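Enquirer: Give me a 3D structure for the following:
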Amino acid sequence: MKKILLVFTGILIANLSYSQGSFDNQNQDSDKFIKIAAGLNSIKMRDMATSPLFYTGGLKHFELGFVKWKEGKERDLSFSVSTGLASNSTNSHTASSTVSIYNLSYSKLYPIWQQEKWNLKVGGEWHNSFHIRNNPSFQNNATGIEVFSTLFAAGKLSWDISNDSRSKFLFFNVKPRKRALSFKMKFALMNNTYRNGYIYNDNSGITNDPNVFDNHQLKMFSGYRLGTELNYTVFLKNKNAIRLGYGFDAYKTGGNLDKFEMANYKLKIALLFKTK
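Expert: This is a model prediction of the structure:
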């Protein structure tokens, strides 16, 4: 974690101090970008169907996406993978679970308000998360496979913090460049789950007809989900961009005995390559 923070700090300082000459007026409303991102996803989760204990861990995070701005509207299609270990230590006993999270999301936002360097967009996002978890400590209930599909209402507030002339930040010379700071909030309108029931075991193995989804249940409007994103974007002279971001994504299912809860805290850096 400390190494990642040092890398982020170094990149930020490099962006502030790198010389680019005169400021380029880039029309953000008609641009398309390929997004490649990497970072760390710190998670905390609990599956009441197997254990009331919380598991925590740091997962490696990778992301690929497509971003488009046109006539004030914004579209974002993203696919990401977080993978690693989560563990719990209780009474001198440590148990670990391998965790892989695959996310596919699509959002579209429409401008509703703009004043000087501020603008507000609202819209929706469809977000799907596919989990594969394995904890040998649970023996026959070791493997958990589940899908969370959420329809969000979303709002994004952006602030243009570009500078048209040379300025100073602490001890660094800040060259003219286009910059933006944004905050996005997402509230679930519908949260659906497809996951194991309270009893993970099933009879498919006994009947010689293995089916990993034999005891899975589809539940509509089950539980809730909430998400936020904070991004700092710097546009380069070649019209590509670098983005530093922090994201929070928390969700839980309905039910009592088989409730599942998870929180994701993502710190990442993204390269945005402008396409023609």
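Enquirer: and the strand or helix carrying residue 157, what does it pack onto?
Expert: Taking DSSP states H and E as the criterion, residue 157 maps to strand 143-160. Counting contacts by 3 or more Cβ pairs under 8 Å, 6 or more residues apart in numbering; DSSP states H and E, strand 143-160 is packed against strand 93-115, strand 118-134, strand 178-196, strand 224-235. Just so you know, the C-beta spots here come from the backbone N, C-alpha and C atoms, and that holds for glycine as well.
Enquirer: between that strand and strand 178-196, how big is the angle?
Expert: Using axes from the mean of the first three to the mean of the last three Cα atoms, to 10 degrees, the inter-axis angle of strand 143-160 relative to strand 178-196 is 160 degrees.
Enquirer: Off-centre distance for strand 143-160?
Expert: 8 Å (Cα atoms, centre = their mean, to the nearest Å).
Enquirer: Would you list the phi and psi of residue 139?
Expert: Reported as degrees, to the nearest 10, the phi and psi values for residue 139 are phi 50, psi -110.
Enquirer: measure it to residue 126 for me?
Expert: 36 Å (Cβ to Cβ, to the nearest Å).
Enquirer: of the two, who's got more company?
Expert: residue 126 (14 against 8; other Cβ atoms under 10 Å).
Enquirer: Identify the residues contacting the more buried one.
Expert: For residue 126, the contacting residues are 105, 106, 107, 149, 150, 151, 152, by Cβ atoms under 8 Å, 6 or more residues apart in numbering.
Enquirer: In the strand holding residue 157, which residues are buried?
Expert: 143-150, 152, 154-156, 158 (16 or more other Cβ atoms under 10 Å).
Enquirer: Let me know which of the helices and strands packed on strand 143-160 is the nearest to residue 218.
Expert: Residue 218 lies closest, by Cβ to Cβ, to one member of the helices and strands packed on strand 143-160: strand 178-196, at 4.9 Å.
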